[in-house]
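Participant: How does the following fold in three dimensions:
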Amino acid sequence: MAASQLQLMPGENMVLSGNPHWWYFWKQAAAGLGVLALLFLLWSVDADWVSTAIGWIALVAFVVWLANTIYEFVQWRTTRFAVTDQRVAYQSGVIRRSGVSIPLNRINNVNFQQSMIARMLNNGVVTIESAGETGDSIFENIPDPEHVRTVIFAQMQADEQADSQRDAAAIRDALQGQNLAPPTSPTAQSRLDELENLHQRGLVSDEEFEVKRNQILEEL
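Facilitator: Predicted structure coming up:
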């Protein structure tokens, strides 16, 4: 169905993606049972005028239920929760669409909640705490919310490692660009100090000292 897939940015990779949990349709399921109850009541009533009234009510209820179910199915099909290697994203809507994207480096914490029934159905609520004006983002009807939290944390760690590697590479490139190579030969001052030390120890004569000293000074 159109617009049911998340549009990825250049260089972005999908890690996890899916529609809401099937519990999303619990209201339509309950309404469908109500329509079946009306049909059963229509079959069990003998009075003609009562059965006619119930029949019209059942027909209207069925049409409304069918239209609502089709609409909610399209809404469910175009609602998607996704985790990529760069962000957490959520989009929904048929004609009027809405969505949110949270960069991994802005996420502070990820929590999930499950009631007893939700645990039995493997369904839950995921809450993402992020820096910025948006604050907490709450996503309902997420299948296997504990696994989703684990995936988000793993991508956050991978994103931090990638940032560290990029920073290290940038520093290395900057140092290489400055050509800060250490000197490979001793300085003139160090050679003079060494010559003075040899002269004081008597290993170099006065004549040799003056000759070597003059050579070093001429190289400056």
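Participant: List the beta-bridge partners for Pro103.
Facilitator: Arg87 (DSSP bridges).
Participant: Confirm for me that it is in contact with Gln86.
Facilitator: Yes - using CB atoms under 8 Å, Pro103 is in contact with Gln86, at 6.7 Å. (Glycine included, C-beta is placed from N, CA and C.)
Participant: Please say which of the two ends up with more neighbours.
Facilitator: Gln86 (19 against 13; other CB atoms under 10 Å).
Participant: Tell me who's in contact with that one.
Facilitator: 9, 12, 103-104, 159 (CB atoms under 8 Å, 6 or more residues apart in numbering).
Participant: Need these in a markdown table (columns: distance to Gly32).
Facilitator: A markdown table is the format used below for these (distance: CB to CB, whole Å):
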| residue | distance to Gly32 |
| --- | --- |
| Met9 | 41 |
| Glu12 | 40 |
| Pro103 | 41 |
| Leu104 | 41 |
| Asp159 | 44 |
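Participant: Give me the buried subset of the residues you listed.
Facilitator: Using 16 or more other CB atoms under 10 Å as the burial test, the contacts of Gln86 include 104, 159 as buried.
Participant: what's the closest of the contacts of Gln86 to Ser137?
Facilitator: Of all those, Ser137 sits closest to Pro103, with 12.2 Å by CB to CB.
Participant: who's in contact with the residue nearest the centre of the chain?
Facilitator: Residue closest to the mean C-alpha point of the chain, counted by CA atoms, centre = their mean, is Arg87 at 3.0 Å. Going by CB under 8 Å, 6+ apart, Arg87 touches 12, 101-104.
Participant: Quick check: it vs Ile57, distance?
Facilitator: 49 Å (CB to CB, to the nearest Å).
Participant: before we move on, what about Ile138?
Facilitator: Counting by CB to CB, the gap from Ile138 to Ile57 is 38 Å.
Participant: And those two? Which one has more around it.
Facilitator: Ile57 (14 against 11).
Participant: Please look at the more buried one and Ala37 and confirm they touch.
Facilitator: No - in this structure, Ile57 is not within contact of Ala37 by CB under 8 Å, at 11.2 Å.
Participant: His199 against Phe209, yeah?
Facilitator: Yes - applying CB under 8 Å, one finds His199 in contact with Phe209, separated by 4.4 Å.
Participant: which sections of the protein are below the confidence cut-off?
Facilitator: Where the chain drops to pLDDT under 70, the residues are 1-5, 45-47, 132-134, 167-188, 203-204, 219-220.
Participant: Can you show me the strands along it?
Facilitator: Secondary structure of the chain by DSSP state E: the strands cover 14-18, 80-84, 87-92, 98-103, 107-113, 123-130, 136-143.
Participant: among those strands, which is nearest Gln215?
Facilitator: Shortest distance between Gln215 and those, using CB to CB, is found for strand 98-103: 64.3 Å.
Participant: mind checking how far stretch 200-216 is from the chain centre?
Facilitator: Mean C-alpha position of stretch 200-216 versus that of the full chain (CA atoms, centre = their mean, to the nearest Å) differs by 71 Å.
Participant: which residues touch that stretch?
Facilitator: With contact meaning CB under 8 Å, 6+ apart, stretch 200-216 is reached by 188, 191-192, 195, 198-199.
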